[in-house]
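>>> okay, sequence plus prediction incoming.
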Amino acid sequence: MSTFFTSRLFFISLALVVIAATLPLYVSGYVLGLLTVAFYFGVFAMAWDLLFGFAGEVNFGPTFLIGVGAYTAGILNAQFGWSVYACIVLGALASVIAGLLLALPALRVRGPYFGLTTLVAVLMLQNFIVVFVDLTGGEIGLTIPDVISIDAGTNYWIALGFMTISAAILYGLSQSPIGLVLQASGQDPVQAGALGFNIVKHKLAAFVVSAFFSGLSGALLVFYFGTASVGTVVDVAVGVNVIVSAVLGGRRTVLGAALGAIFLIVAGEFLRPTGELATFIVSAVALLVVLFFPGGFLGAALSREART
Amino acid sequence: MRAFQILIDGFAISALYALGATGFTLIFGVSGVLNLSHGAIMVAAAVAAWAAASVLGVGTYAGALIGVGVALLTAFATYFAVVKPIQDSRRIPNEEKEIFVLTGTLLWGIMIQELIAYFFTNNAKTVLPIVEGVIEILGVRTPRNEIFTAIVCCLVIALLWLLVNRTRTGKAVLAASMNPRGVTLLGLELTNIYVVVWAIYGILAGIAGVLLGMFLGVSSYSVGPLTASAFSIVVLGGLGSVSGSLIAAFVVGYLETLTAYLVSPAYRTIPALLLLVLVMYIRPQGLLGRR
């Protein structure tokens, strides 16, 4: 941990954050808006990577945690008129509770079964939203009356600050002794258990942390968009994007996941002139990375550094 | 009257689900691959059959054959371009191959879906049915096509059973699903067996896709739901267990039809999902799965 503050990775990250923080001074609101969304997505992907890369649990339903946080915040604000900040905090809490409810039984099963349980949770949430249309706005979505700020620069700084703090906490956690135990229990649960670590407790903690950041980010995103809809925070396709971001950026790196998310969203926007082929090209690039650079962007860069 | 209608409609849907899920579970059973491009392959088959029959005008039979052929080619492409490179890769640790195959096939499925949307638009397409008209069964007006679908599904599944249990190739496939190392020790090339399984899978997915296109119609939006339904049926039945999938397909098919007729079509998929959650908690290996 102490070596981290002198490592090259730390200085590169610091430089990137500083450069990113000055962006509102010279780029258009359109670029800022795009990056704002990308930063919130970065947090989704990092929270997912903590669970997959370290705890070794494939969560196919990141959008269950994101969606619960986003919709709780949205409903409290739109239907009950609670203040923005109370809604965001409660959204994150609701996500933690949902994460616990999902993780307690789901952690009993392993591998593809765990993945499926989390996937089913997303489908259930989606159905719930469509069925309770009066509360949730159904398929059309929920319009949120309040926003954090209407200034593109302020929104951008909030998102950047939020992502940086989340990245610092999640990365610190992953490099801490707890992260090591998580990694051990992900790779060989029997042996980690034999060494006297309570695997279930650690994995549960990872799930709670992942849920907290997913929910918080989801709630913030809702107040940025001014709307909560299935298509933006719950749909399986959104979850797929989160997973692809993390694998693309480099699993088990946490920071790489944020890079992957930013790449995915910015690349999707750059390719917009190609029309309907944009998604095709992004998927194809992602597939090539998965096939030829399985370590992802950051994984490839780090292994090169380790070799020299 | 309504009971018969539910019985007949439910049977056709269930048979179609069963056919779609059988290939999916076969691949998992033999090579441990969960192919998330499943829905895309089915839709590709249906769209190819539609394009051949309605745009090129080659006739319904030739169209259906072309559809199955396209599914077969796509299945081979999936295996050789995506699944095999990941399985053979030395840079991916063994315990992570599963998630890489999942991610890889998922991306591949999205690519197929986007190509279909690009060349053939997102509009729903209905493949010209091979048999037309309606007949009355037990007082229920039933499209002949629905009966045809059910019969073809049952026939194909029966053929598959014969192939797996009565032929030499089938027995090799069966053996590979039980003990891959044992099969290699007997001097059989595992890769050849996988190719055979992917061929069977491609044909099954193709037939299911073309029939689905005739029965309900497909669009590139059907890709996700089709994969999800095959996935949940297979998990409900027990990953890798073909007979479990068949039972699960009928359970899900009838549950959906019952809900659609008696409650509301909007809630169609909910009871099946609840059942799936219940099964996951009580019996995570599925109805007939092995631990």
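Looks like it arrived, so ask away.
>>> leaving out chain neighbours, which residue sits closest to residue B:229?
The spatial neighbour of residue B:229 that comes closest, neighbours along the chain excluded (C-beta to C-beta, 6 or more residues apart in numbering or on different chains), is residue B:17 at 6.6 Å. No exception for glycine: its C-beta is placed from N, CA and C like everyone else's.
>>> give the rounded mean pLDDT of the helix or strand hosting residue A:180.
Per DSSP states H and E, residue A:180 falls inside helix A:177-187. Taken as a whole, helix A:177-187 has an average pLDDT of 83.
>>> pull the contacting residues for the most centrally placed residue in chain A.
Nearest to the geometric centre of chain A sits residue A:44, at 0.7 Å (C-alpha atoms, centre = their mean). Contacts for residue A:44 (C-beta atoms under 8 Å, 6 or more residues apart in numbering or on different chains) come out as A:62, A:66, A:214, A:217, A:218, A:242, A:245, A:261.
>>> got any ranges where the stretch 101-250 of chain B has weak pLDDT?
Applying pLDDT under 70 to the predicted model, the stretch 101-250 of chain B contains no residue that meets it.
>>> of all residues in it, which one is closest to chain A?
residue B:114 (3.8 Å; C-beta to the nearest C-beta).
>>> tell me, how many neighbours does that residue end up with?
Neighbour count for residue B:114, taken as other C-beta atoms under 10 Å in any protein chain shown: 22.
>>> can you tell me the helix or strand for it?
Applying DSSP H and E, one finds residue B:114 within helix B:97-120.
>>> so what secondary structure elements neighbour the helix or strand following that helix?
Beyond helix B:97-120 in the direction of the C-terminus, DSSP H and E gives the next helix or strand as strand B:134-137. If contacts are counted by 3 or more C-beta pairs under 8 Å, 6 or more residues apart in numbering or on different chains; DSSP states H and E, strand B:134-137 sits against strand B:140-143, helix B:144-166.
>>> as JSON lines, these with distance to residue B:24 would be great.
Formatted as JSON lines, those follow (distance: least, C-beta to C-beta, whole Å):
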{"stretch": "strand B:140-143", "distance to residue B:24": "27"}
{"stretch": "helix B:144-166", "distance to residue B:24": "13"}
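>>> how about these in CSV, adding distance to residue B:54 and mean neighbour count?
Formatted as CSV, the helices and strands packed on strand B:134-137 follow (distance: least, C-beta to C-beta, whole Å; neighbours: other C-beta atoms under 10 Å in any protein chain shown):
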stretch, distance to residue B:54, mean neighbour count
strand B:140-143, 18, 15
helix B:144-166, 16, 17
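>>> nearest to residue A:85, of these?
Residue A:85 sits nearest to helix B:144-166 of all the helices and strands packed on strand B:134-137, at 56.0 Å, using C-beta to C-beta.
>>> which helices and strands does that closest one pack with?
Using 3+ C-beta pairs under 8 Å, 6+ apart: helix B:144-166 touches helix B:2-31, strand B:134-137, helix B:168-178, helix B:190-215, helix B:242-262.
>>> got a list of what residue B:157 touches?
B:15, B:18, B:19, B:22, B:246.
>>> contacts only, for the closest residue to the second one other than its chain neighbours.
Of all residues beyond its chain neighbours, the one nearest residue B:18 is residue B:249 (3.6 Å), with distances taken as C-beta to C-beta, 6+ apart. Residue B:249 makes contact with B:14, B:15, B:17, B:18, B:20, B:21, B:233, B:237 under the criterion C-beta under 8 Å, 6+ apart.
>>> same question for residue A:235.
Contacts of residue A:235 (C-beta under 8 Å, 6+ apart): A:63, A:126.
>>> who in the stretch 151-291 of chain B is up against chain A?
By the rule C-beta under 8 Å from any C-beta of the partner chain, the part of the stretch 151-291 of chain B lying against chain A is B:224, B:228, B:231-232, B:235, B:239, B:266-267, B:269-270, B:273-274, B:276-277, B:280-281, B:284-285.
>>> 6 Å instead?
Residues of the stretch 151-291 of chain B found near chain A (C-beta under 6 Å from any C-beta of the partner chain) are B:235, B:270, B:273, B:276, B:277, B:280, B:281, B:284.
>>> tally of neighbours for the second one?
Using other C-beta under 10 Å, residue B:270 has 20 other residues around it.
>>> report pLDDT for it.
80.
>>> would you mind measuring from it to residue A:72?
Between residue B:270 and residue A:72 the distance is 21 Å, computed by C-beta to C-beta, to the nearest Å.
>>> could you do the third one as well?
Taking C-beta to C-beta as the measure, residue B:273 falls 21 Å from residue A:72.
>>> same thing with the fourth one?
In this structure, residue B:276 and residue A:72 are separated by 25 Å, where distance is defined by C-beta to C-beta.
>>> hmm, back to that, which stretch among the helices and strands packed on strand B:134-137 comes nearest residue B:126?
Here helix B:144-166 is closest among the helices and strands packed on strand B:134-137 (C-beta to C-beta), at 10.4 Å.
>>> and the angle for that closest one with helix B:168-178?
80 degrees (axes from the mean of the first three to the mean of the last three C-alpha atoms, to 10 degrees).
>>> how far does helix B:144-166 sit from its chain's centre?
13 Å (C-alpha atoms, centre = their mean, to the nearest Å).
>>> ditto for stretch B:1-14
21 Å.
>>> buried sites along that stretch?
Buried residues in stretch B:1-14, counted by 16 or more other C-beta atoms under 10 Å in any protein chain shown: B:5, B:6, B:8, B:9, B:10, B:11, B:12, B:13, B:14.
>>> mind listing what the last one touches?
Read that as residue B:14. When contacts are counted by C-beta atoms under 6 Å, 6 or more residues apart in numbering or on different chains, residue B:14 touches B:249, B:250, B:253.
>>> likewise for the second one?
Residues counted as contacts of residue B:6 (C-beta under 6 Å, 6+ apart) are B:257, B:261.
>>> one more: the first one?
Under the criterion of C-beta under 6 Å, 6+ apart, the contact partners of residue B:5 comprise residue B:140.
>>> contacts for stretch B:256-264?
B:6, B:9, B:10, B:13, B:267, B:268, B:271, B:272.
>>> cool, stretch A:148-161 as well?
Applying C-beta under 6 Å, 6+ apart, the contact partners of stretch A:148-161 are A:20, A:24, A:29, A:32, A:33, A:36, A:39, A:40, A:223, A:224.
>>> need the contact list for the third one.
Just to be clear, that refers to residue A:29. Contacts of residue A:29 by C-beta under 6 Å, 6+ apart are residue A:152.
>>> again, but for the fifth one
Contact criterion C-beta under 6 Å, 6+ apart gives residue A:152 as the residues in contact with residue A:33.
>>> next secondary structure after the helix or strand that contains it?
Residue A:33 belongs to helix A:29-49 when elements are defined using DSSP H and E. Moving toward the C-terminus from helix A:29-49, the next helix or strand (DSSP H and E) is helix A:62-80.
>>> list the helices and strands the next helix or strand after that next one packs on?
Going down the chain from helix A:62-80, the next helix or strand is helix A:84-106, by DSSP H and E. Using 3 or more C-beta pairs under 6 Å, 6 or more residues apart in numbering or on different chains; DSSP states H and E, the elements in contact with helix A:84-106 are helix A:62-80, helix A:112-131, helix A:199-225.
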